[in-house]
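Colleague: make a model of this:
(chains A, B and C)
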Amino acid sequence: MARGLFAESGADLKLVGVRKQFPGYTAVEELDLTVPAGTFFALLGPSGCGKTTTLRLVAGLEEPTAGRILIGGTDVTDTKPYRRPVNTVFQSYALFPHMTVLENVAFGLRRRGIGDPVEKAHAALRLVELDHLADRKPAQLSGGQQQRVALARAVVNRPALLLLDEPLGALDLKLRRQMQLELKNIQSEVGLTFVHVTHDQEEAMTMADTVAVMNRGRIEQIGAPEEIYELPRTAFVANFLGQSNLFGGTVAESGSGAFGVDVAGRRILVPIDRAQRTTGAVTVGVRPEKLLLVTEEPAPMAGVNVLGPGRVTDVSFSGVSTQYLIDVPHVGTVIVFAQNLVFGPVVEPGAEVWVTWRVEHGFGLADAPAASALEQAHEALVSGVEG
Amino acid sequence: MSGQNQAGLVLGQEIGAEEQAPARRPGRVGIGVGKWLLPVYCTLALIFLLIPIVYTIVFSFNDSVRTNISWRGFTLDNWLGVCNEPGVCEAFGNSILIGVSATVIATVLGTMIAIALVRYRFKFRAATNLLLFLPMATPEVVMGAGLAAQFLTAGVPKGIGTIIVAHAMFCLSFVVVTVKARVASLDPALEDAGRDLYGSPSQVFWRITFPLLVPGILAAALLSFSLSFDDFIITYFNSGAVNTFPTFIYTAATRGIPAEANVIASAVFLLAIAVVLIGQLSANARRKRAAIR
Amino acid sequence: MALTAFAGSPAATGSSGVRRGGRIALLLLIPGIAYLLLFFLAPLISLVMTSLQSPSETVFGQYDFTFNWANYLQVVGQYSEQILRSFLYAVLATVFALLFSYPLAYFIGVTMRRWPLVQSLLLILVVAPLFISFLLRTLAWKQILSDEGFVVTTLKALSLLGPQDHITGTGIAVVFGLTYNFIPFMCLPLYTTLERLDLRVVEASRDLYATPFTTFRTVILPLSMPGIVSGTLLTFIPAAGDYVNASSQFLGGTSSTMIGNVIQSNFLVQLNYPAAAALSILLMATILVLVGFYVRRSGTEDLL
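Modeller: Numbering: from 1, shown residues only, chains lettered A, B, ... in the order given. So this is what the prediction gives:
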């Protein structure tokens, strides 16, 4: 089916109940996923979460234990990788070291017997601005150049689906930002469906139209980047994508638009439409940049939550903002990001402070509260650091 | 740097300029000779290693009569008429024939095993590894006697065939070890990329895997050939009336080695050194080219 | 598939390239394995069988399988001297080769690291002896160390050697020959390990107040253990079974015979196959036990 044909445009990808079991453990559990045609889709997760396995299942480099994989409506579950209209940009680039750049790019075209492979390969190299290095061997290129050759080698086949397996992982930060923009441009230029695997939440958010956050072989949440960031559904997502302050408690009152939770002797209100559970034990949270620090106990005000008093334990300056760690008795450590509007920190360690935030900034998670949620949050933090 | 011990000397060379900047050098002032001790020792050691080689080459030019023990004057006759001495060239030819045949058998079988060991999971893996390790841990005299005993029981007449069989057997494990290292260092993503880029399994093997394994396979073949060519112990048990170059020397040793044997050994030595040198120099040139981006 | 190697560690993502391909793996394995079974394992078994034979009562020079364990007792009793001597010589040769090779390998692998070309040229010099016939280089030593050779005459002139003393034909010459012949096998693995030695750990050790000697003893030496182990095995195993160096046409004499010579003469000269087979099996078993013990002690099982 893929032979001799260039995909006119990207195709959609559908995973139905896909599971992948390796001897000893399950890498992917019951995955249902639809990637619309022509979009830039990111699979985000810590290492070992099953995202690369998912990608390899789509490419056909692994066979699923259960479930179906459909590309453009056609079931490709039993199709060999070399007959799938899918190409991959590998994490290590996997450029053939014994072939020149041009031979690398023309490889797929030649295998499919497509006419003018050399001319088409040159065109693809022009797209990534490397045509002048066509006769070099991969070992003679820099990391960024190798990355672009790998991209050209995949894109030249005009696959219905382009899979990117952490292709920017080996590049330094600056080059990475530049390549992110280039990738995005190429994607809109060629109009293919991109599925991008990464553990870098910033990369996922800047590049993708849709992000799926994976953890332990499952998708925890899927949606537009800003949507997921604003309204994380699980503790893992809340802390893997950015940071969050999470509080456990029991629902004490339920009003029309919001419900109240008692946290350390204070009532915290959370909008009902921003919460996954509204009864019993719940975990609620708020992003650190949504918090305000005040040095005097604020007067109760409608629409504003207050926690405190607590003591500032650490102040660290990070350029655009300053991070304060506040130890609030019976709550634990609360993180606050404050924009550096004035020179120097607003308060010094040891100061007594209160934190406030607007009710509509809070969110309620689907996880069971306290121990497990904090544990998960910790796991997300740790894996974020390791990744 | 002066007065530093050996490790210090090494470190000074290894670390780059920016790392050298910290002035913290806890090294004590060593003895002045310490710096020279190792190079001098190594020069002497290498000279020692080369003594018998030089001796053999020099005596290939000896104007010897029957035995080649004492120096009687320089001549080129031995080199120009190597095959005048009965048996030398025949034995040499046998050694080449056996070496090539055994190498082909061992390299083909060994490469297949190496690929299977690295790329596939299968039962009896531990048993396979043990079976491959044992020939390397078995003294040659045991393998030689074992094979000879078996040929004896089976009534197989000893000759070139039995020598080839024996040589391919002990070369096989060395081929597996050499090629295995190469397969293991091969990024499996390359084969994945080949499959991803519409290469069928056989295309992926012949266009990607095999070309990338060639250096390892060549190294294994060279090793095999040199092991076979120089083998005496196993050969002697299984050669019957056939002479290889080593068995010829062994039998000749009692009555005196003809200078022609030195000629052949010297020629083989020089050829081997040339091959290795060219290989190293071209590898070095490649390294340099690759370093220039 | 890929993950068996990492089973239990969820951090592994599936691309170590190991495939489950029963049929292909079998096709690749069967020819080579069959070859080894037929020409390595079967001969070993047939050697075991031979070692249990006793002389036929009807036909002279024929042997019948009779479960004759007494062969082993007999060869041990008869050749205990040669057996012990073999292992003694092999151990001595291994130790000398190690002492000789370590500084050399260190110099090439570490000191010369900045000049890869020099490194490879020096390495060629180290392995050069392997390119000239094993027998000829041993014979060359025989000539050099012979009674008329300049080494002996010099030593005699210096009165370091008595007028009736020899070098060739003695145990010293055999150990010398074994040491010389297996030095390249000792040097190569040592070099490979030392060449990869991360010098930053040496720096760290020095930074942490270790003297050069302490650094060598506590950091460099333990890190070169894999090379030492494979080098000593590559020297010890062939040295213990060698019969060229100890043969009287080469460096040995009647008082320096090794087990290899006994096996060879029993098998090829006296045609006493059961004795030769019993000695072979004994030699191999002893080596395997020693090697197993040694490898376990040095904590490098994964080398095998």
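Colleague: how about the residues of the stretch 101-250 of chain A that lie near chain C?
Modeller: A:Arg216 (C-beta under 8 Å from any C-beta of the partner chain). All C-beta spots, glycine's among them, are computed from the backbone N, C-alpha and C.
Colleague: quickly run through the sheet partners of the host helix or strand of C:Ser54, with directions.
Modeller: According to DSSP states H and E, C:Ser54 maps onto strand C:53-55. Counting by DSSP bridges, the strands paired with strand C:53-55 are strand C:63-65 (antiparallel).
Colleague: the helix or strand following the partner strand and chain B, are they touching?
Modeller: Counting by DSSP H and E, the next helix or strand C-terminal to strand C:63-65 is helix C:70-109. Yes - remark: helix C:70-109 sits within contact range of chain B at C:Phe100, C:Pro103, C:Leu104, C:Tyr106, C:Phe107, C:Ile108, by C-beta under 8 Å from any C-beta.
Colleague: any weak-confidence spans in the chain?
Modeller: Picked chain A for this. Residue ranges of chain A with pLDDT under 70: A:1-9, A:344, A:368-387.
Colleague: nope, chain C please
Modeller: Using pLDDT under 70, the flagged stretches of chain C are C:1-22, C:59-61, C:299-304.
Colleague: quick one: contacts for A:Ile98?
Modeller: For residue A:98 the amino acid is His, not Ile. A:Lys137, B:Pro211, B:Leu212 (C-beta atoms under 8 Å, 6 or more residues apart in numbering or on different chains).
Colleague: any chance of a markdown table for those residues, columns secondary structure and neighbour count?
Modeller: Converted to a markdown table, the contacts of A:His98 look like this (DSSP: H, G, I helix; E, B strand; the rest coil; neighbours: other C-beta atoms under 10 Å in any protein chain shown):
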| residue | secondary structure | neighbour count |
| --- | --- | --- |
| A:Lys137 | coil | 19 |
| B:Pro211 | helix | 14 |
| B:Leu212 | helix | 19 |
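Colleague: in the strand holding C:Ser54, what counts as buried?
Modeller: C:Gln53, C:Pro55 (16 or more other C-beta atoms under 10 Å in any protein chain shown).
Colleague: quick one: distance of it to the chain centre.
Modeller: On the basis of C-alpha atoms, centre = their mean, to the nearest Å, strand C:53-55 sits 32 Å off its chain's mean C-alpha point.
Colleague: show residues contacting that strand.
Modeller: Against strand C:53-55 from outside (C-beta under 8 Å, 6+ apart): C:Gln62, C:Tyr63, C:Asp64, C:Phe65, C:Thr66, C:Asn68, C:Ala70, C:Asn71, C:Tyr273, C:Pro274, C:Ala277.
Colleague: now the first one: how far from C:Val269?
Modeller: The reference is to C:Gln62. 18 Å (C-beta to C-beta, to the nearest Å).
Colleague: show me where the stretch 51-200 of chain B dips below the pLDDT cut-off.
Modeller: B:66.
Colleague: list the contacts of A:Gly350.
Modeller: A:Arg311, A:Val312.
Colleague: in a helix, it, correct?
Modeller: No - counting by DSSP: H, G, I helix; E, B strand; the rest coil, A:Gly350 is not found in a helix; it is coil.
Colleague: pretty sure C:Ser255 contacts C:Thr170?
Modeller: Yes - counting by C-beta atoms under 8 Å, C:Ser255 touches C:Thr170, with 7.4 Å between them.
Colleague: those two - which one has more neighbours?
Modeller: Neighbours were counted for C:Ser255 and for C:Thr170 using other C-beta atoms under 10 Å in any protein chain shown; C:Thr170 has more, 17 against 11.
Colleague: pretty sure the more buried one contacts C:Ala246?
Modeller: No - counting by C-beta under 8 Å, C:Ala246 is not a contact partner of C:Thr170; they are 10.7 Å apart.
Colleague: what do those two both touch?
Modeller: Common contacts of C:Thr170 and C:Ala246 (C-beta under 8 Å, 6+ apart): C:Ser256.
Colleague: name the SS class of A:Gln221, please.
Modeller: Here A:Gln221 is recorded as strand under three-state DSSP.
Colleague: quick one: A:Leu163 and C:Asp147, what's the gap?
Modeller: Per C-beta to C-beta, A:Leu163 is found 78 Å from C:Asp147.
Colleague: who has more neighbours, the two?
Modeller: A:Leu163 (27 against 14).
Colleague: quick check: A:Glu253 is in a strand.
Modeller: Yes - the assignment for A:Glu253 by three-state DSSP puts it in a strand.
Colleague: what's the helix or strand for the nearest residue to C:Val126 once chain neighbours are set aside?
Modeller: Spatial nearest neighbour of C:Val126, excluding adjacent residues (C-beta to C-beta, 6 or more residues apart in numbering or on different chains): C:Cys187 at 5.0 Å. According to DSSP H and E, C:Cys187 maps onto helix C:171-195.
Colleague: the helix or strand just after that helix close to chain B?
Modeller: Counting by DSSP H and E, the element after helix C:171-195 in chain order, helix or strand, is helix C:199-207. Yes - using C-beta under 8 Å from any C-beta, helix C:199-207 reaches chain B at C:Leu199, C:Val202, C:Glu203, C:Arg206, C:Asp207.
Colleague: pull out the buried residues from helix C:199-207.
Modeller: Buried, per 16+ other C-beta under 10 Å, within helix C:199-207: C:Leu199, C:Val202, C:Glu203, C:Ser205, C:Arg206.
Colleague: ok, now stretch A:292-306?
Modeller: Here stretch A:292-306 shows A:Leu293, A:Asn305, A:Val306 as buried, counting by 16+ other C-beta under 10 Å.
Colleague: show me the helices in the stretch 201-304 of chain C, by range?
Modeller: Here the stretch 201-304 of chain C has its helices, by DSSP state H, counting those that start in this stretch, at C:212-215, C:221-223, C:225-241, C:259-264, C:273-297.
Colleague: select, out of the ones you listed, the one closest to chain B.
Modeller: Among the helices of the stretch 201-304 of chain C, the nearest to chain B by C-beta to the nearest C-beta is helix C:225-241 (2.4 Å).
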